[in-house]
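S.K.: With the sequence up front, the predicted model follows.
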Amino acid sequence: MYVAVSGNIGSGKTTLTTKLAKHYGWQAEFEAVDNNPYLEDFYADMKRWAFHLQIFFLNSRFKQVTDIAKREFTTIQDRTIYEDAYIFAANLYKSQLLNDRDYHNYLNLFHSMMAYAKPPDLLIYLRADIPKLVSQIQKRGRSYEDAIRLDYLKNLNKHYEEWIANYSLGRLLVIDVNNLDFVDNVEDFAGIVEKIEVELHGLFSGDMLPQQLFPSGKK
């Protein structure tokens, strides 16, 4: 089975992906951030590096989804390939940080890849308002993220809400994380797990779930 966690920068995707992978014994696939050669340059000069960054992410994510499709065990992914195209690239284009030629070249490559990409069985979307995102971004202290502008985050949130409103590729679970602390509050994390398990049971139409889904007798 293929589960993915989506959401804006600072919404808690990577943290939740890590915790869920540990809780269920799933394989985790993370976004290529620490080894991304363009990310720091992008935040310093978005217009110059936007195309390079998006191609790097697209290629990295496509490799992940093709690897996931070959596996016989459950994988949870930190951000999807769809977000690369429908959220980040689209936002850069509408913000005139990607020109027509580069954007349409990017989209052609993305649509070619889609013939080989399997969508998640369950997509978890973490909904967060700007104050929550800013607080989380500041808390993790990545120096290059100091250059992220509020209007950039706001535009991304708008694209996310439009995408989620029309999402139809599989099961969708929306979790409002504005008032949650699933890192330090056990009850908050347990509440998320409870919602996820309802969706997972639905994926199997009430049948008994595979042992790989709930290892060590977890339910």
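M.R.: Happy to help now that I have it.
S.K.: mind listing the helices for the chain?
M.R.: If DSSP state H is used as the criterion, the helices of the chain fall at 13-24, 39-44, 46-70, 81-83, 90-94, 100-114, 130-140, 150-165, 186-203.
S.K.: what's the most buried one of the ones you listed?
M.R.: For the helices of the chain, the stretch with the most neighbours on average is helix 81-83, a mean of 23; neighbours defined as mean count of other Cβ atoms under 10 Å. C-beta coordinates here come from the backbone N, C-alpha and C atoms, glycine included.
S.K.: wait, residue 65 sits on residue 115?
M.R.: No: contact status for residue 65 versus residue 115: not in contact, 11.8 Å apart, counting by Cβ atoms under 8 Å.
S.K.: Compute the distance between residue 2 and residue 171, please.
M.R.: Between residue 2 and residue 171 the distance is 11 Å, computed by Cβ to Cβ, to the nearest Å.
S.K.: Next, show the common contact partners of these two.
M.R.: By the contact definition Cβ atoms under 8 Å, 6 or more residues apart in numbering, residue 2 and residue 171 are jointly contacted by 121, 122.
S.K.: Those two: who's more crowded?
M.R.: Of the pair residue 2 and residue 171, residue 2 is the one with more neighbours under other Cβ atoms under 10 Å, namely 21 against 15.
S.K.: list the contacts for the residue positioned nearest the centre of the chain?
M.R.: In the chain, the C-alpha nearest the mean C-alpha coordinate belongs to residue 79, at 1.9 Å (Cα atoms, centre = their mean). Residue 79 is in contact with 4, 5, 6, 7, 13, 31, 61, counting by Cβ under 8 Å, 6+ apart.
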